[in-house]
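*Asks:* Pasting a predicted model and its sequence here:
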Amino acid sequence: MNTDTSPKIPVVLTIAGSDSGGGAGIQADLRTFAFHCVHGTSAITCVTAQNTLGVVGVEAIPPEVVVAQINAVCDDIGVQSAKTGMLLNKEIIAAVAEQVEALQIPNLVVDPVMVSRTGFQLLDDDAVKNLRNLLIPKAALVTPNRYEAQILSGLPINSLDDMRAASQIIHRNTGVKVVLVKGGGMQGSLRGVDIWFDGHHTETLTTKHVDTKNTHGTGCTLSAAIAANLARGSDLITAVKQAKEYVTNALSYSLAIGKGQGPVGHFFPLLNK
Ligand SMILES: Nc1ncnc2c1ncn2[C@@H]1O[C@H](COP(=O)(O)OP(=O)(O)O)[C@@H](O)[C@H]1O
Ligand SMILES: Cc1ncc(COP(=O)(O)OP(=O)(O)O)c(N)n1
């Protein structure tokens, strides 16, 4: 067989938790990667029993098994970018941060997952310190939502100006290259507005607000799409803008499944054919 004809497909790694309902976590990430034409690889950090109504159980994967998954992928295949999602506890965060450094994993996007929109705690209380001090400083981009930005900055967030102030505090406190404070948890039309801060410039990134209750997986999908766009060669701000367009489309085609908050839908490129 002539392997010269194999397409050159970028490889992306997600380090995140499993969502049995398929709307967020590893499942959303791999689906997003596929729709961006990149090869998705994974290191699973925990298994959640979850559906559209919420999370009913969670089991951690031992940190050494998380590390083994990362090493297996990076030692053999290699990755052009990576994202982290639900890391659950301080031991897993420390182990992931160490591997990111040791393997010099490029283009790291950290989604600092702490709590689900349905109110379930997705990160232990004593793990925020490790996230702030060990992992976020190694990222090209950190993408806190309203609630996570409040925790990381110590500021209550009720307005665009609060989002801007929080992005600057997080940048200063962590040394991360770029902060993107996401507006999905804000009120009304602010729900499509995110704040970018790179240490010099603040940008207000606006996409149209989609009126739907089926928003499960927006944050996971956004960070996975950014990582995919980086692997495909986009610069960071372009990768974020492209990812926001993808999420807006996914919200417009979200799935009314289950009795609660359904997931965003990734099938829009196929549905209009
Ligand atoms: N209803 C909405 N309409 C348009 N964009 C939205 C909506 N809800 C969330 N987004 C966008 O989805 C992305 C994820 O944000 P958010 O929902 O705040 O993250 P998380 O899922 O981590 O809470 C952001 O770019 C945000 O602006
Ligand atoms: C396994 C797992 N990972 C992450 C989340 C949170 O998903 P996210 O897209 O950040 O936000 P919401 O769906 O809660 O709006 C999760 N629930 N499960």
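*Replies:* Structure's in. What do you need? Residues are numbered from 1 along each chain as shown. Ligands and ions are numbered 1, 2, ... in the order given.
*Asks:* When you work out contacts or count neighbours from here on, use the C-alpha atoms and nothing else.
*Replies:* Noted.
*Asks:* For T118, which non-adjacent residue is closest in space?
*Replies:* Nearest residue to T118, sequence neighbours excluded (Cα to Cα, 6 or more residues apart in numbering): G54, at 5.8 Å.
*Asks:* If you could redo that for V247, that was the one I meant.
*Replies:* L222 (6.1 Å).
*Asks:* check whether whatever helix or strand that neighbour lives in contacts ligand 1.
*Replies:* L222 is part of helix 218-231 when elements are defined by DSSP states H and E. Yes. Helix 218-231 lies within reach of ligand 1 by Cα under 6 Å from any ligand atom, at T218, G219, L222.
*Asks:* what does stretch 190-197 give?
*Replies:* Yes. Against ligand 1, stretch 190-197 shows contacts by Cα under 6 Å from any ligand atom at R191, G192, V193, D194.
*Asks:* May I have the secondary structure class of the first one?
*Replies:* The three-state label given to R191 by DSSP: H, G, I helix; E, B strand; the rest coil is helix.
*Asks:* That one reaches L205, doesn't it?
*Replies:* No. Between R191 and L205 there is no contact, the gap being 11.2 Å when judged by Cα atoms under 8 Å.
*Asks:* give me the number of residues near P269?
*Replies:* 10 (other Cα atoms under 10 Å).
*Asks:* Against N71, how distant is C220?
*Replies:* 22 Å (Cα to Cα, to the nearest Å).
*Asks:* Show me which of the two is the more surrounded one.
*Replies:* C220 (27 against 17).
*Asks:* Next, the contact list for the more buried one, please.
*Replies:* Residues near C220 by Cα atoms under 8 Å, 6 or more residues apart in numbering: A24, G25, A28, D29, G85, D111.
*Asks:* Phi, psi for the closest residue to the fifth one other than its chain neighbours please.
*Replies:* Going back to what we said before, that points to G85. Spatial nearest neighbour of G85, excluding adjacent residues (Cα to Cα, 6+ apart): A16 at 4.5 Å. Main-chain torsions, A16, degrees, to the nearest 10: phi -160, psi 180.
*Asks:* For A149, which residues are in contact?
*Replies:* L155, I157, M163, A166, S167, I170, V181.
*Asks:* send the alpha carbons of the helix ranked longest in the chain over as CSV?
*Replies:* As assigned by DSSP state H, the longest helix anywhere in the chain is helix 236-252. Extracted C-alpha coordinates of helix 236-252, given in CSV (Å, rounded to 0.1, in the frame of the first residue of the first chain):
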residue,chain,number,x,y,z
LEU,A,236,-4.7,32.1,19.0
ILE,A,237,-7.1,35.0,18.5
THR,A,238,-8.3,33.5,15.1
ALA,A,239,-8.7,30.1,16.8
VAL,A,240,-10.9,31.6,19.5
LYS,A,241,-13.1,33.5,17.0
GLN,A,242,-13.5,30.4,14.8
ALA,A,243,-14.4,28.3,17.8
LYS,A,244,-17.0,30.8,18.9
GLU,A,245,-18.7,30.6,15.5
TYR,A,246,-18.6,26.8,15.8
VAL,A,247,-20.3,27.0,19.3
THR,A,248,-22.9,29.4,18.1
ASN,A,249,-23.8,27.0,15.3
ALA,A,250,-23.8,24.1,17.7
LEU,A,251,-26.2,26.0,20.0
SER,A,252,-28.5,26.8,17.1
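*Asks:* Run a quick check on the residue nearest to G85 versus L87, I expect a contact.
*Replies:* Yes. If you go by Cα under 8 Å, A16 and L87 touch, sitting 6.1 Å apart.
*Asks:* okay, and the common contacts of these two?
*Replies:* T45, C46.
*Asks:* Up against ligand 2, what does the stretch 51-200 of the chain have?
*Replies:* Checking the stretch 51-200 of the chain against ligand 2 by Cα under 6 Å from any ligand atom, the hits are G85, M86, V113, S116, R117.
*Asks:* tell me the contacts of L236?
*Replies:* Contacts of L236 by Cα under 8 Å, 6+ apart are I226, L230.
*Asks:* Understood, closing this out.
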